[in-house]
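K.L.:
Build me a model:
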Amino acid sequence: MKKIILITGGERSGKSSYAERLAHEWSTSPVYIATAKIWDEEFRRRVERHQQNRGPEWTNIEEEKELSRHDITGRVAVIDCVTLWCTNYFVEQPEVSLALEALKQEFDRFTAQDATFIFVTNEIGMGGVSPNEVQRRFTDLQGWMNQYIASKADQVVLMVSGIPVKVKG
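P.N.:
Purely as a prediction, here's the structure:
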């Protein structure tokens, strides 16, 4: 049965750990879709460490943009994270309205599958208004994409200091 969950919160609030626990509750062989670009060797080691910590029962997929290329029908998937996914679009298309439209279309294609989707995102707009114009535009993009996913989600959870607070569902 198709289900969309959005887990949001600040950095180090426990979002990813909570998402992984949920996936394990619902599946013995969950999928982890990482949207990060590997920028350098230190980050590559970090990614490898995270994969090892998750364990062999996980199917690990690295996908920076086109999530819908992957068939996860009937599976439970953690998509970590929306912020980096948005970044990958924004870097190539800094016009917020165009990047947002592309993200929405890709989200809709991906979530058309009959699967359980657990999206992890950051609430970057809670920290105040940046003096940097590019950062403000990205914050707009991220916030609007979070709102779009939340509007489609069956459940929304805000993580606060490791504590899940149900917002929707």
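
K.L.:
Do you have the helices of this protein handy? List them.
P.N.:
15-26, 41-54, 82-92, 96-110, 133-152 (DSSP state H).

K.L.:
Compare these and report which one is nearest to K2.
P.N.:
K2 sits nearest to helix 133-152 of all the helices of the chain, at 10.5 Å, using CB to CB. Just so you know, the C-beta spots here come from the backbone N, C-alpha and C atoms, and that holds for glycine as well.

K.L.:
buried stuff in that closest one?
P.N.:
Under the neighbour-count criterion of 16 or more other CB atoms under 10 Å, helix 133-152 has 137-139, 141-146, 148-150 buried.

K.L.:
quick one: furthest residue from the center of the protein?
P.N.:
P131 (25.9 Å; CA atoms, centre = their mean).

K.L.:
Against T111, how distant is that one?
P.N.:
Distance of P131 to T111, computed by CB to CB, to the nearest Å: 36 Å.

K.L.:
lowest confidence element among the helices and strands of this structure?
P.N.:
Ranked by mean pLDDT, DSSP states H and E, the helix or strand of the chain with the weakest confidence is helix 41-54, at a mean of 80.

K.L.:
tell me the angle that one makes with helix 15-26.
P.N.:
Note on geometry: by axes from the mean of the first three to the mean of the last three CA atoms, to 10 degrees, helix 41-54 and helix 15-26 are set 30 degrees apart in direction.

K.L.:
Tell me the gap between helix 41-54 and the middle of its chain.
P.N.:
With CA atoms, centre = their mean, to the nearest Å as the basis, helix 41-54 stands 17 Å off its chain's centre.

K.L.:
So what touches that helix?
P.N.:
With CB atoms under 8 Å, 6 or more residues apart in numbering as the test, helix 41-54 has contacts from 20, 32, 34, 36, 38, 58, 60, 62.

K.L.:
Kindly reformat those residues as TSV and extend each row with distance to I79.
P.N.:
Output for the contacts of helix 41-54, formatted as TSV (distance: CB to CB, whole Å):
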residue	distance to I79
E20	12
Y32	8
A34	9
A36	11
I38	17
W58	13
N60	12
E62	12
